[in-house]
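Enquirer: Have a look at this fold, sequence not included:
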């Protein structure tokens with residue numbers, strides 16, 4: 001189970017910490033900027049898109065979408081990260097809640113052009129992912145897309161290699177995406193790789 005207090009304490013230094021790791025091209029954030037950039041381009045190709053961000057953190061991505069005129073909705077576990085994100089996006093619809101336990105009612109009562117999740121759904125087991133994604137898909141507007149940017153691997157061998165190379169840095173408490181396994185439940189899922197440990201997975205309505 002995630003520790004909300006721990007996430008709150010990390011919130012103020014989150015963007016800096018990610019940047020340092022990404023610049024070093026290290027697990028787990030190698031390719032982080034490329035992942036966010038790709039999702040940004042896909043979403044902003046639609047004018048004034050309505051976007052749901054699950055685990056928005058300090059709004060590294062969604063603040064940019066907000067600035068481009070997107071209508072932003074979101075749910076995050078950490079109260080402190082919500083406060084930081086809301087300060088960047090005063091008119092965004094942001095809610096605190098652990099999405100591993102479900103979505104808040106305000107979010108479930110809407111539909112979206114895009115549902116994005118960057119470096120957040122790896123907190124769910126594969127079984128929970130398989131339950132959760134159809135629920136998200138039901139919240140998409142016609143022709144909508146789910147865009148999942150995360151620590152992900154094309155197959156188990158690639159993940160095992162990254163685990164070996166990462167040594168003590170590897171986080172055994174997280175459930176990373178293995179495409180050739182998860183795609184059995186979602187055969188229409190697209191997989192676009194950006195580094196040894198980063199990819200964007202897309203599911204269309």
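Expert: Sure, I can see it. The model shown is predicted, which means the values in this text are computed figures rather than measured ones. Residues are numbered from 1 along each chain as shown.
Enquirer: can I assume residue 28 is in contact with residue 150?
Expert: No. Between residue 28 and residue 150 there is no contact, the gap being 9.1 Å when judged by C-beta atoms under 8 Å. Quick note: C-beta positions are derived from backbone N, CA and C, even for glycine.
Enquirer: joint contacts of these two?
Expert: residue 119 (C-beta atoms under 8 Å, 6 or more residues apart in numbering).
Enquirer: tell me which residues in stretch 134-149 are buried?
Expert: Across stretch 134-149, burial judged by 16 or more other C-beta atoms under 10 Å covers 136-137, 139-140, 144-149.
Enquirer: go on, stretch 96-108?
Expert: 96-99, 103, 107.
Enquirer: what pLDDT, on average, does the host helix or strand of residue 107 get?
Expert: Per DSSP states H and E, residue 107 falls inside helix 105-108. For helix 105-108, mean pLDDT rounds to 98.
Enquirer: name the helices or strands packed onto whichever helix or strand comes after that helix?
Expert: For helix 105-108, the following helix or strand on the C-terminal side (DSSP H and E) is strand 112-118. For strand 112-118, the elements it packs on are helix 32-44, strand 50-54, strand 140-153, judged by 3 or more C-beta pairs under 8 Å, 6 or more residues apart in numbering; DSSP states H and E.
Enquirer: Now tell me what touches the very next helix or strand once past strand 112-118 from outside.
Expert: Heading C-terminal from strand 112-118, the first helix or strand you meet, by DSSP H and E, is helix 126-137. Contacts to helix 126-137, defined as C-beta under 8 Å, 6+ apart, come from residues 54, 99-100, 103, 115, 121, 124, 146, 175, 181-182, 185-186, 203, 205.
Enquirer: Please pick the buried ones from those.
Expert: Counted by 16+ other C-beta under 10 Å, the contacts of helix 126-137 give 54, 99, 103, 115, 121, 124, 146, 175, 182, 186, 203 as buried.
Enquirer: Mind giving me the packing neighbours of the host helix or strand of residue 180?
Expert: Element membership for residue 180 (DSSP H and E) is helix 179-182. With contacts taken as 3+ C-beta pairs under 8 Å, 6+ apart, helix 179-182 sits against helix 126-137, strand 198-204.
Enquirer: could you dump the ones you listed to JSON lines with distance to residue 90 and mean pLDDT?
Expert: Shown next, in JSON lines, are these (distance: least, C-beta to C-beta, whole Å; pLDDT from 0 to 100):
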{"stretch": "helix 126-137", "distance to residue 90": "26", "mean pLDDT": "97"}
{"stretch": "strand 198-204", "distance to residue 90": "28", "mean pLDDT": "98"}
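Enquirer: Take these and write them to TSV, including distance to residue 73.
Expert: Output for the helices and strands packed on helix 179-182, formatted as TSV (distance: least, C-beta to C-beta, whole Å):
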stretch	distance to residue 73
helix 126-137	12
strand 198-204	18
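Enquirer: mind checking which of these is nearest residue 166?
Expert: Taking C-beta to C-beta, strand 198-204 is the member of these nearest to residue 166, at 13.4 Å.
Enquirer: tell me the angle the closest one makes with strand 112-118.
Expert: 160 degrees (axes from the mean of the first three to the mean of the last three C-alpha atoms, to 10 degrees).
Enquirer: any residues touching strand 198-204, and which ones?
Expert: Taking C-beta under 8 Å, 6+ apart as the rule, strand 198-204 contacts 29-32, 34-35, 38-39, 42, 133, 137, 143-154, 177, 179, 182, 186, 188-194.
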